[in-house]
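Visitor: what follows is a predicted structure for the sequence shown.
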Amino acid sequence: MRALYIPNSCFALIVGAGLALSGPALADYEDALEPFGGSAHPTAVIDTQIAEVPAMALPQQQTLLAQATTAEDDLGDPLEPVNRVIFEFNEVVYAAVLTPVAKTYNTVLPATVRAGLGNVIDNLASPVTFVNDLLQLEVDRALTTVARFVVNTIGGIGGIADMASAIGLEEHEEDFGQTLGVYGFGEGLYLVLPLLGPSNPRDAIGKYVVDPFFDPLGLYLSNTDRDAESWARTGVSAVDEYAGLVDELEQIKKTSVDYYAAIRSLYRQKRQTEISNGREEDLPQIPNYDLNFAPDTNGSIAGVK
């Protein structure tokens with residue numbers, strides 16, 4: 001596969017998102033979801049009948065948490081002037097590309113289709129979670145990850161339906177950034193990555209450098225010159241994730257005095273709860289896209305997850 005460095009991979013995120021969908025004018029509402037529970041749809045519950053439900057308002061999230069910035073937040077952000085510039089650049093790109101595409105995605109595709117797609121994306125990420133479960137010596141959680149993958153792959157038709165949650169096998173996600181945090185590695189300074197959003201050295205190395213080696217599908221696509229499939233996976237994953245967060249992020253932006261500081265605070269709180277295996281749904285999610293920088297057969301940096 002051709003080598004793809006960070007700028008190209010970031011560009012892939014936008015190109016993939018733009019190519020993933022086109023549709024009619026946006027509606028003023030988004031269907032609520034009951035049938036499935038996907039990563040981009042945290043309010044969903046399982047329903048094996050796969051039936052559509054009437055539109056209903058999403059519950060209010062704890063957006064005020066986003067405004068609870070502290071002196072510690074500021075001290076941990078020595079690159080704030082640069083980060084703010086990148087943050088504003090990201091916002092321009094999101095507003096011009098990702099937000100319209102995400103809202104069209106929510107309007108055009110039925111709720112069950114969106115949920116099923118999110119479930120497939122989650123199911124394909126199971127190997128990354130499994131390896132990090134083991135690295136954290138969380139054997140029970142690792143067994144749950146394996147059981148979920150088997151149940152959803154077989155009973156859920158390739159992961160389209162989240163049958164595992166219906167029988168008590170709750171979903172969780174792990175990445176190598178969390179694993180480093182479990183072993184006491186601090187986050188270091190706060191970073192805003194171009195197009196990818198909030199991060200820090202620990203999480204960036206963990207998610208974008210180490211985790212791709214735990215992703216069999218990403219390695220396969222990288223090592224077999226399947227560029228189109230790699231682009232498609234990146235684009236669909238980015239749109240699916242952002243579509244599940246776009247309305248919530250807009251609400252945070254409206255209610256926050258300083259949107260940059262709000263996102264910074266939320267990201268740090270979210271990562272703390274993930275590292276401690278806390279309740280991730282207690283905090284609004286922040287888009288943080290995964291790229292696969294796994295080496296191809298020639299040893300070059302390649303692929304997008």
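Guide: Okay, I see it.
Visitor: all helices of the protein, in order?
Guide: Under the criterion DSSP state H, helices of the chain are mapped to 6-20, 71-75, 80-93, 99-108, 111-124, 126-135, 139-154, 163-166, 176-182, 201-205, 216-223, 227-255, 259-275.
Visitor: nearest to Leu195, of these?
Guide: helix 6-20 (4.3 Å; Cβ to Cβ). From N, CA and C alone the C-beta is placed, and that goes for glycine too.
Visitor: avg pLDDT for the closest one?
Guide: When pLDDT is averaged over helix 6-20, the result is 41.
Visitor: what does stretch 178-190 give?
Guide: Averaging the model's pLDDT scores along stretch 178-190 yields 95.
Visitor: do stretch 255-268 as well
Guide: Model confidence over stretch 255-268, given as mean pLDDT, is 95.
Visitor: for that stretch, buried residues please.
Guide: Across stretch 255-268, burial judged by 16 or more other Cβ atoms under 10 Å covers 256, 259-268.
Visitor: which among these gets closest to Leu79?
Guide: Checking these against Leu79 by Cβ to Cβ gives Arg264 as the nearest, at 11.3 Å.
Visitor: surely the closest one and Arg84 touch.
Guide: No: taking contact to mean Cβ atoms under 8 Å, the distance of 10.0 Å between Arg264 and Arg84 leaves them out of contact.
Visitor: Glu125: what's it in contact with?
Guide: Residue 125: Ala, not Glu. Listed by Cβ atoms under 8 Å, 6 or more residues apart in numbering, the contact partners of Ala125 are 173, 215.
Visitor: what distance do you get for it to Gly159?
Guide: The span separating Ala125 from Gly159 equals 10 Å under the rule Cβ to Cβ, to the nearest Å.
Visitor: quickly list what's touching both of these two.
Guide: For the pair Ala125 and Gly159, no residue contacts each of them under the criterion Cβ under 8 Å, 6+ apart.
Visitor: quick check: closest non-adjacent residue to Thr144.
Guide: Across the structure, with Cβ to Cβ, 6 or more residues apart in numbering as the measure, the residue nearest Thr144 apart from its sequence neighbours is Leu169 (5.6 Å).
Visitor: number of residues surrounding the one you found?
Guide: Neighbouring residues of Leu169 were enumerated by other Cβ atoms under 10 Å; the total is 19.
Visitor: pretty sure it is touching Phe149, no?
Guide: No: checked against Cβ under 8 Å, the pair Leu169 and Phe149 is beyond contact range at 9.7 Å.
Visitor: any weak-confidence spans in the protein?
Guide: Within the chain, the stretches falling below the threshold (pLDDT under 70) are 1-74, 279-305.
Visitor: quick check: buried residues in stretch 175-192?
Guide: Applying a neighbour-count criterion of 16+ other Cβ under 10 Å, one finds 175-182, 185, 187, 190-192 buried in stretch 175-192.
Visitor: quick one: which two of those are the most distant?
Guide: Spatial extent of those (Cβ to Cβ) is set by the pair Val182 and Val192 at 24.4 Å.
Visitor: and Asn132, how far from Leu249?
Guide: When Asn132 is compared with Leu249 (using Cβ to Cβ), they lie 26 Å apart.
Visitor: these two: who's more crowded?
Guide: Neighbours were tallied for Asn132 and for Leu249 using other Cβ under 10 Å; the higher tally belongs to Asn132 (26 against 23).
Visitor: contacting residues for the more buried one?
Guide: With contacts defined as Cβ under 8 Å, 6+ apart, Asn132 is in contact with 174-176, 178-179, 211, 214.
Visitor: the residue nearest to it when sequence neighbours are not counted - how many residues pack around it?
Guide: Ranked by Cβ to Cβ, 6+ apart and with sequence neighbours excluded, the top spatial neighbour of Asn132 is Glu174, at 3.7 Å. Glu174 is surrounded by 27 other residues when neighbours are defined as other Cβ under 10 Å.
Visitor: so Glu174 touches Ala142, yeah?
Guide: No: in this structure, Glu174 sits apart from Ala142 without contact. The criterion is Cβ under 8 Å, and the distance is 9.2 Å.
Visitor: what do these two both touch?
Guide: Taking Cβ under 8 Å, 6+ apart as the criterion, Glu174 and Ala142 both touch Asp133.
Visitor: tell me the buried residues in stretch 238-247?
Guide: Neighbour-count burial for stretch 238-247, with 16+ other Cβ under 10 Å as criterion, is recorded at 238-246.
Visitor: distance of Phe213 from Asn132?
Guide: 12 Å.
Visitor: can you check Thr273 too?
Guide: If you measure Thr273 against Asn132 using Cβ to Cβ, the figure is 16 Å.
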